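Q: The amino acid sequence is not available; the structure is as follows:
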């Protein structure tokens, strides 16, 4: 895995939360929207995921949603995991219908991206209580999510955003409706289906894997095809951002890619599906003239840093990684986009006071 030197620069940043509304094609501070999509030159969005977990998380989740609604952000992105792994089976009653109800209580647009606890782990990774007849096939559960959450060209939430879905390309990409792109103000956003649990590329005996060889091979084939679609979508998104003159790109998905093996995993088979994504992000960021931010969940530890190193060993200066809260911490991250700031993206942890105990 080239250039994976342990170069991590912590740079937590804060900014006062604000929200703005679209006001035409030409914006203040010298920024011009070349494709005429509209959107403000400064605005704030909410980033969250890996909630609600367990009984406490379900109790606290309404406080989180209310806090985001009060902040009047432009829109929110949920980067996967609708429940904890052991929090019951992946059924409509237990997971998907409550999730839809919660998402539609967001007053502004909500873009949902799938997480490993939503589908890859539904086979029973967390024991017999975490599965149910007819809901234990990860590939079938992902298709079920596609039908429930990604069947239209619009976001969830009470105010919709129109999205471009990879499935609209047809052909070999027809099924990947969860991969999305949209533009808002000076930023192009890309959502990808990149998962924890080694992106659904399993090995027998690793991370609790007990399925037979034929099933492991079936899941690996799914991962290989989806990764090809993801990398294609990533490249298309960067090409589009250059075409429209975007000042920045934000990439969102579930998995923690374990940059530089920061998790200190002894068995590389726990994360060997991720270097392809790391290399693609590095190549794309180095070739992009603006700012690039990756937002993910998965390991539930809020941080913002510079985890990519370039060919000379220094950090890739225009690439920032942000991990959102989750699990025991039912909070969110605000992200302000401001064309007057040379960093463009400014992140702030938003701790929900009612959820602090």
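A: All right, it came through fine. A quick note: this is a predicted structure, and the numbers were derived from the prediction, not measured.

Q: what's near enough to touch residue 287?
A: residue 238 (Cβ atoms under 8 Å, 6 or more residues apart in numbering). The C-beta positions use only the backbone N, C-alpha and C, and glycine is treated the same way.

Q: What separation do you get for it and residue 273?
A: To residue 273, residue 287 is 24 Å away according to Cβ to Cβ, to the nearest Å.

Q: where does the chain have low pLDDT?
A: Counting by pLDDT under 70, the chain contains low-confidence residues at 1-38.

Q: repeat that with 90
A: 1-40, 357 (pLDDT under 90).

Q: can you map out the helices along it?
A: 54-71, 97-103, 138-149, 196-200, 213-243, 275-287 (DSSP state H).

Q: mind giving me CSV with those and columns for distance to residue 80?
A: Output for those, formatted as CSV (distance: least, Cβ to Cβ, whole Å):
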stretch, distance to residue 80
helix 54-71, 15
helix 97-103, 11
helix 138-149, 10
helix 196-200, 8
helix 213-243, 14
helix 275-287, 15
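
Q: Can you report how many residues neighbour the nearest residue to residue 42 once chain neighbours are set aside?
A: Leaving aside its chain neighbours, residue 42 sits nearest to residue 338 (4.6 Å; criterion: Cβ to Cβ, 6 or more residues apart in numbering). Other residues near residue 338 come to 21 when the count uses other Cβ atoms under 10 Å.

Q: center of the chain, which residue is that?
A: Residue closest to the average C-alpha location in the chain (Cα atoms, centre = their mean): residue 253, at 2.4 Å.

Q: Look up phi and psi at that residue.
A: Dihedral pair for residue 253: phi -160, psi 180, per degrees, to the nearest 10.

Q: who touches the spatially closest residue to it that is not a sequence neighbour in this structure?
A: Spatial nearest neighbour of residue 253, excluding adjacent residues (Cβ to Cβ, 6+ apart): residue 194 at 4.0 Å. With contact set as Cβ under 8 Å, 6+ apart, residue 194 has these partners: 230, 253, 254, 255, 257, 277, 296.

Q: any idea how far residue 194 is from residue 65?
A: Counting by Cβ to Cβ - residue 194 and residue 65 are separated by 25 Å.

Q: How about residue 346?
A: Taking Cβ to Cβ, one finds residue 346 at 23 Å from residue 65.

Q: can you check residue 50 too?
A: With the distance defined as Cβ to Cβ, residue 50 ends up 15 Å from residue 65.

Q: Comparing those two, which shows the higher neighbour count?
A: It is residue 50, of residue 50 and residue 65, that has more neighbours when counted by other Cβ under 10 Å, with 29 against 23.

Q: check contacts around that one.
A: 80, 81, 115, 297, 298, 300, 324, 325, 326, 327.

Q: What about the closest residue in space to it that isn't next to it in sequence, how many residues nearby?
A: Once flanking residues are discounted, residue 50 sits nearest to residue 326: 2.5 Å by Cβ to Cβ, 6+ apart. Neighbour count for residue 326, taken as other Cβ under 10 Å: 27.

Q: Check residue 127 too.
A: For residue 127, the count of nearby residues is 10 (other Cβ under 10 Å).

Q: Quick one: residues contacting the residue lying closest to it once chain neighbours are set aside.
A: Take residue 127 and drop its neighbours on the chain: the residue closest to it by Cβ to Cβ, 6+ apart is residue 86, 6.5 Å away. Taking Cβ under 8 Å, 6+ apart, we find residue 86 in contact with 126, 127, 129, 130.

Q: which of the residues you listed tops the neighbour count?
A: The residue in the contacts of residue 86 with the most neighbours, by other Cβ under 10 Å, is residue 130 (22 neighbours).

Q: so it touches residue 94, yeah?
A: No: if you go by Cβ atoms under 8 Å, residue 130 and residue 94 don't touch, sitting 10.0 Å apart.

Q: Need the overlap of contacts for these two.
A: Common neighbours of residue 130 and residue 94 (Cβ under 8 Å, 6+ apart) are 87, 88.

Q: quick one: the residue nearest to residue 50 from residue 286, how far?
A: Counting by Cβ to Cβ - residue 326 and residue 286 are separated by 30 Å.

Q: Check residue 213 too.
A: On the measure of Cβ to Cβ, residue 213 and residue 286 end up 40 Å apart.
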